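Chemist: model this:
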Amino acid sequence: MSVQTVRDYLATFGLGDRVMEFSSSSATVELAAQALGVEPARIAKTLSFHGRETATCLLLVTAGDARIDNARFRHFFGFKARMLAPEDALRLTGHAVGGVCPFALKDVEIEVYLDKSLKRFDIVYPAAGSASSAVRLTPEELLRCSHAKGFVDVCKGWQEDAEKPV
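Modeler: You can find the predicted model right below:
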């Protein structure tokens, strides 16, 4: 998929004009934060995991400073967190690693969840379909346009007591 595909998809929500493209890579949390001039925690990283069935995929969008808590993940989803290989992420989502995002997905059966680590921010920046793009969204806009099933609590490493928007 391309940035234009994501832009067109987000335009159906009135958000297509929020997509940004960079001349440098934004493929990692650190690079995206540099490109945007924001703290790394505001980067909404999309992690791709094997789903319940081996041929399916689950996407989890987290704050840039959050890490998967394997016990919480297993308790909530009922299976072990196993990340997709880059070629599987591309095949299942339509987006290459570094640009994986919860928009304009290749397979509409992919389950998308947002981690509550995102809720402490007024604005977050997920990728927009390439390793040099991002989109500016509120967590609620992200929830709506990603068709996420909701917010979950499966991460650690972020300041859980700082959930108020800043």
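Chemist: which SSE is the closest residue to Arg91 other than its chain neighbours in?
Modeler: Leaving aside its sequence neighbours, Arg91 sits nearest to Lys106 (CB to CB, 6 or more residues apart in numbering; 8.0 Å). For every residue, glycine as well, the C-beta is placed using N, CA and C. Under DSSP states H and E, no helix or strand contains Lys106.
Chemist: so Lys106 makes contact with Gly94?
Modeler: Yes - assessed by CB atoms under 8 Å, Lys106 is found in contact with Gly94 at 3.2 Å.
Chemist: of these two, give the one with the bigger neighbour count.
Modeler: Gly94 (20 against 13; other CB atoms under 10 Å).
Chemist: how about the strands in this protein?
Modeler: Here the chain has its strands, by DSSP state E, at 19-21, 43-50, 57-63, 67-68, 111-115, 125-126, 133-135, 151-152, 155-156.
Chemist: so Thr5 touches Leu105, yeah?
Modeler: No - between Thr5 and Leu105 there is no contact under CB under 8 Å: 10.2 Å.
Chemist: which parts of the chain are helices?
Modeler: 3-11, 29-36, 70-77, 86-93, 139-146 (DSSP state H).
Chemist: okay, those helices in TSV with mean neighbour count next?
Modeler: Shown next, in TSV, are the helices of the chain (neighbours: other CB atoms under 10 Å):
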stretch	mean neighbour count
helix 3-11	19
helix 29-36	19
helix 70-77	14
helix 86-93	18
helix 139-146	19
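Chemist: reformat these as a markdown table; add mean pLDDT and distance to Leu114.
Modeler: Shown next, in a markdown table, are the helices of the chain (pLDDT from 0 to 100; distance: least, CB to CB, whole Å):
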| stretch | mean pLDDT | distance to Leu114 |
| --- | --- | --- |
| helix 3-11 | 95 | 16 |
| helix 29-36 | 96 | 16 |
| helix 70-77 | 95 | 13 |
| helix 86-93 | 92 | 16 |
| helix 139-146 | 97 | 6 |
